[in-house]
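In: Sequence and predicted structure below; questions after.
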Amino acid sequence: MPPGTRRSLVSSEQVLLLKGLLLLGVVGLAFMAAWRYGLLHRVWREDATGISVGITLVFLVGTAHGSACLVRLARALTHLAAVQRAIAGDDRNPRAPLPDGCVSRYIRDLHTKANLSRGRSIDHGLLLDSFEAELKQSHLFGWFISDLLLSLGLLGTVIALIVMLGPVSGLDAGAQSATNGALAAMSGGMAVALYATLAGLIGGMLLKIQGFLLDGAVDELVRRTTRLTEVHVLPTMQRMQSDAATV
């Protein structure tokens, strides 16, 4: 294998981890700045419904889950590079077993399907779709969390509108104190609406960026696995079937 190819195979998982660490660094700096200048305390204190606190906790859970998925995909890319070296490398040992991992399991399933096909052409489209769905299954939870954050932000807005309009319905236009109290309640409800919506939008956008990174990693893994299968694995299986048929 040419040295340039080996370096490119290693760089994919490194770039993925660097992007994930950069995103976590941005989130961490934003939290530290918000904590340092009292923005988090202000949001949590002004939001009497507690929705902003719930949004913060849900966001932290989603970020931790997405980070775990990112590490898992980086390991899968590393495993794919090892499988590529084992199958297509210049120093390949045909009897050496493939390193254990998701790509090796996919190749073993493809080999089993080829043996059961008994000379028929091998269509690996369904296996490839199943392989891609399995990779994306773990981080679908992150997309659910991002949508949940947006929904929680909208829920905070609806609750805030109810809080704002509640005192107005029983307002006596001639009572100055009642008018001042209604205005104070409306300002408090507006604060809940703005803070909850802002927290939901920011959290949802950050998790969508993380989900975009994960989807890109899955697409690269599937693309490289497909190339490896089409160029090296399937021709070898077809040649073995042809040799078995001629014997």
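Out: Looks like it came in fine.

In: I figured residue 86 was touching residue 103, is that so?
Out: No. If you go by C-beta atoms under 8 Å, residue 86 and residue 103 don't touch, sitting 10.2 Å apart. C-betas here are computed from N, CA, C, even on glycine.

In: So for these two, which sits in the more crowded spot?
Out: Using other C-beta atoms under 10 Å as the criterion, residue 86 and residue 103 rank with residue 103 on top: 25 against 17.

In: Please tell me how far the more buried one sits from residue 127.
Out: 12 Å (C-beta to C-beta, to the nearest Å).

In: Next: residue 143.
Out: Note on residue 143: its distance to residue 127, by C-beta to C-beta, is 24 Å.

In: Kindly report the same for residue 149.
Out: Plainly put, residue 149 is 35 Å away from residue 127 if you go by C-beta to C-beta.

In: what about those two, which has more around it?
Out: residue 149 (26 against 17).

In: Quickly find the element holding the more buried one.
Out: When elements are assigned from DSSP states H and E, residue 149 belongs to helix 140-169.

In: can you check residue 48 too?
Out: Going by DSSP H and E, residue 48 is not in any helix or strand.

In: what's around it, how many residues?
Out: Using other C-beta under 10 Å, residue 48 has 15 other residues around it.

In: what's the next secondary structure element after the strand or helix carrying residue 18?
Out: Using DSSP H and E, residue 18 sits in helix 3-36. As assigned by DSSP H and E, the chain's next helix or strand after helix 3-36 is helix 39-46.

In: got the buried residues for that next one?
Out: 40, 43, 46 (16 or more other C-beta atoms under 10 Å).

In: what about the nearest residue to residue 155 once chain neighbours are set aside, distance to residue 207?
Out: Computed as C-beta to C-beta, 6 or more residues apart in numbering, the closest residue to residue 155 that is not its neighbour in sequence is residue 51, at 6.5 Å. Residue 51 sits 17 Å away from residue 207, going by C-beta to C-beta.

In: One more: residue 40?
Out: Per C-beta to C-beta, residue 40 is found 18 Å from residue 207.

In: Residue 59 too?
Out: For residue 59 relative to residue 207 (C-beta to C-beta), the value is 7 Å.

In: which residues do those two both contact?
Out: Here residue 59 and residue 207 share the contacting residues 145, 149, scored by C-beta atoms under 8 Å, 6 or more residues apart in numbering.

In: So for these two, which residue has more residues nearby?
Out: residue 207 (27 against 24).

In: The nearest residue to that one once chain neighbours are set aside: what's it in contact with?
Out: Distances taken as C-beta to C-beta, 6+ apart put residue 146 closest to residue 207, at 3.8 Å, once the chain neighbours are dropped. Applying C-beta under 8 Å, 6+ apart to residue 146 gives the contacts 62, 203, 204, 205, 207, 208, 211.
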